[in-house]
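Trainee: Could you look at this predicted model? Sequence included:
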Amino acid sequence: RDLEGTASFEAIVAADQKIEPRDVMPEAYRKGLIRQIAQHAHSEIIGMQPEGNWITRAPSLRRKAILLAKVQDEAGHGLYLYAAAETLGVTRDELTEALLNGRQKYSSIFNYPTLTWADMGAIGWLVDGAAIVNQVPLCRCSYGPYARAMIRVCKEESFHQRQGYQSLYVLANGSPAQRAMAQDAVDRWWYPSLAMFGPPDTESTHSAQSMEWKIKRFSNDDLRQRFVDMCVPQAEILGLTLPDPDLRWNEERGHYDFTQPDFEELMRVVKGDGPCNRQRMTHRRRAHSDGAWVREAAQAYAEKARAAKGA
Ligand code: FAQ
């Protein structure tokens, strides 16, 4: 495949087969994938913080064990994704550095605060729900290592989504105060979750190229609509209201009409000016420098083991 060059790349993509790390690929494809996969990996790692905030305050041992496991899964997802990005010729150190110096981004959603326990339920239901709608099509993306990582990630995300929904269901059917807490969490997380899908198609800079290369399979707006259509009946079962007075079924379109999120707010948050951007990055920098001794110890151990093998 190497000798055939770019034409062969196009043939593989056209045939819906996978591009693998050793295949020749256009430089822009490689760079675009590094951008998206790295941003995705950083999101998983930064995404541990909002929920990490509630581990010590979970209302029962069972809920605590579940939340711990979920946050741990997110670390695992970050690691698969960094490994997938590394197959494109970047190192984990370079990716970490790009996050810490602000050259690479992470999802806007993790710059919002987790104010109450009900936020754990709302994040599972809405944030993991949005992540699944966005990621299931990525299991069929043209780059093999990314597509394969997504299969396992999606299986775990769907468990995360169900646990969040169940947790929110318990609160929604609990005392009036618990019910109010659940409604408040949904009110705060709804629009930031809709914004996770990115800018509207008319303003999405990467969509056309990414769809041509079969990295993206559906547009930002199509996935956002799919997510809304999925959430409305689920909200009814919860007995909670989605905070959009204009949300209604459109018989002609066969979809729900809804109010779009504030895309100016999305861009502000992406550029670093959301409610928790500074806190998230400060924490991440501190965790990275606090972990230096672990990296050094692992390196020293690996060198010793290598020397012992050679001896
Ligand atoms: N946040 O041209 P497009 C999770 C940027 S789920 C920040 O439309 P594209 C699981 C975009 O990068 C969250 N930036 O871009 C979890 C670009 O800027 P650039 C992570 C955003 O790539 C759950 C510019 O705007 N999931 O972690 C956002 O075609 C619970 C123009 O946008 C993924 O990353 C945003 N919301 O489409 C963990 C999924 N939206 O790079 C813990 C993979 C747009 O040129 C707890 N990624 N931007 O400077 C994707 O599917 C795509 O990259 C999109 C954006 C759909 C996010």
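Mentor: Perfect, thanks for sending it.
Trainee: can I assume T87 is in contact with P145?
Mentor: Yes: at 4.8 Å, T87 counts as touching P145 under the criterion of C-beta atoms under 8 Å. C-betas here are computed from N, CA, C, even on glycine.
Trainee: what is in contact with these two at once?
Mentor: Overlap of the contact sets of T87 and P145 (by C-beta atoms under 8 Å, 6 or more residues apart in numbering) consists of P21.
Trainee: Do a quick rundown of the helices in this protein.
Mentor: For the chain, the helices defined by DSSP state H cover 6-14, 27-46, 48-52, 61-86, 92-100, 118-122, 128-135, 144-172, 176-195, 207-212, 220-238, 263-270, 277-290, 292-310.
Trainee: Name the stretch among those that sits most buried.
Mentor: Compared across the helices of the chain, helix 118-122 shows the largest average neighbour count, a mean of 27 (mean count of other C-beta atoms under 10 Å).
Trainee: So it, near the ligand or not?
Mentor: No: for helix 118-122 and the ligand, the contact criterion (C-beta under 6 Å from any ligand atom) is not met; the two come no nearer than 10.2 Å.
Trainee: same thing with stretch 71-87?
Mentor: Yes: interface with the ligand: stretch 71-87 contributes E74 (C-beta under 6 Å from any ligand atom).
Trainee: Correct me if wrong: D201 contacts F218.
Mentor: No: between D201 and F218 there is no contact under C-beta under 8 Å: 10.2 Å.
Trainee: the more surrounded of the two?
Mentor: Using other C-beta atoms under 10 Å, the more surrounded residue of D201 and F218 is F218, with 17 against 13.
Trainee: Surely the more buried one touches V136?
Mentor: No: using C-beta under 8 Å as the test, F218 is too far from V136 to be in contact (9.7 Å).
Trainee: Please name the nearest non-neighbouring residue to whatever residue of the chain ends up closest to the ligand.
Mentor: Closest residue of the chain to the ligand, C-beta to the nearest ligand atom: G47 (2.8 Å). Excluding the flanking residues, the one nearest G47 by C-beta to C-beta, 6 or more residues apart in numbering is F110, at 4.9 Å.
Trainee: in terms of contact, does that neighbour touch Q49 like I think?
Mentor: Yes: F110 lies in contact with Q49 (C-beta under 8 Å); the separation is 6.7 Å.
Trainee: Can you get me a residue count around the residue of the chain closest to the ligand?
Mentor: G47: 24 surrounding residues under other C-beta under 10 Å.
Trainee: what does the protein put close to the ligand?
Mentor: Contact residues (C-beta under 6 Å from any ligand atom) of the chain with the ligand: 35-36, 39-40, 43-44, 47, 74, 105, 107-108, 123, 127-128, 131, 134, 195-199, 204-207, 210, 216, 220, 270.
Trainee: correct me, but S210 touches L33?
Mentor: No: between S210 and L33 there is no contact under C-beta under 8 Å: 9.1 Å.
Trainee: shared neighbours of those two, which are they?
Mentor: Counting by C-beta under 8 Å, 6+ apart, nothing touches both S210 and L33.
Trainee: from the chain's centre, how far out does the lowest-mean-pLDDT helix or strand in the chain sit?
Mentor: Lowest mean confidence among the helices and strands of the chain (mean pLDDT, DSSP states H and E): helix 6-14, at a mean of 85. For helix 6-14, the distance from its own C-alpha centre to the chain's C-alpha centre is 29 Å (C-alpha atoms, centre = their mean, to the nearest Å).
Trainee: What of stretch 141-157?
Mentor: Using C-alpha atoms, centre = their mean, the offset of stretch 141-157 from its chain centre is 12 Å.
Trainee: mind exporting that stretch as PDB, just the C-alpha atoms?
Mentor: The C-alpha trace of stretch 141-157 is given here as PDB (Å, rounded to 0.1, in the frame of the first residue of the first chain):
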ATOM      1  CA  CYS A 141     -14.100   6.300  11.400                       C
ATOM      2  CA  SER A 142     -11.500   5.700   8.700                       C
ATOM      3  CA  TYR A 143      -8.500   5.600  11.100                       C
ATOM      4  CA  GLY A 144      -8.100   2.100  12.500                       C
ATOM      5  CA  PRO A 145      -6.500   2.800  15.900                       C
ATOM      6  CA  TYR A 146      -9.100   5.500  16.700                       C
ATOM      7  CA  ALA A 147     -12.100   3.500  15.500                       C
ATOM      8  CA  ARG A 148     -11.000   0.500  17.600                       C
ATOM      9  CA  ALA A 149     -10.400   2.600  20.700                       C
ATOM     10  CA  MET A 150     -13.900   4.000  20.300                       C
ATOM     11  CA  ILE A 151     -15.500   0.600  20.400                       C
ATOM     12  CA  ARG A 152     -14.400  -0.100  24.000                       C
ATOM     13  CA  VAL A 153     -14.900   3.500  25.000                       C
ATOM     14  CA  CYS A 154     -18.500   3.500  23.800                       C
ATOM     15  CA  LYS A 155     -19.300   0.300  25.700                       C
ATOM     16  CA  GLU A 156     -18.100   1.900  28.900                       C
ATOM     17  CA  GLU A 157     -19.800   5.200  28.200                       C
END
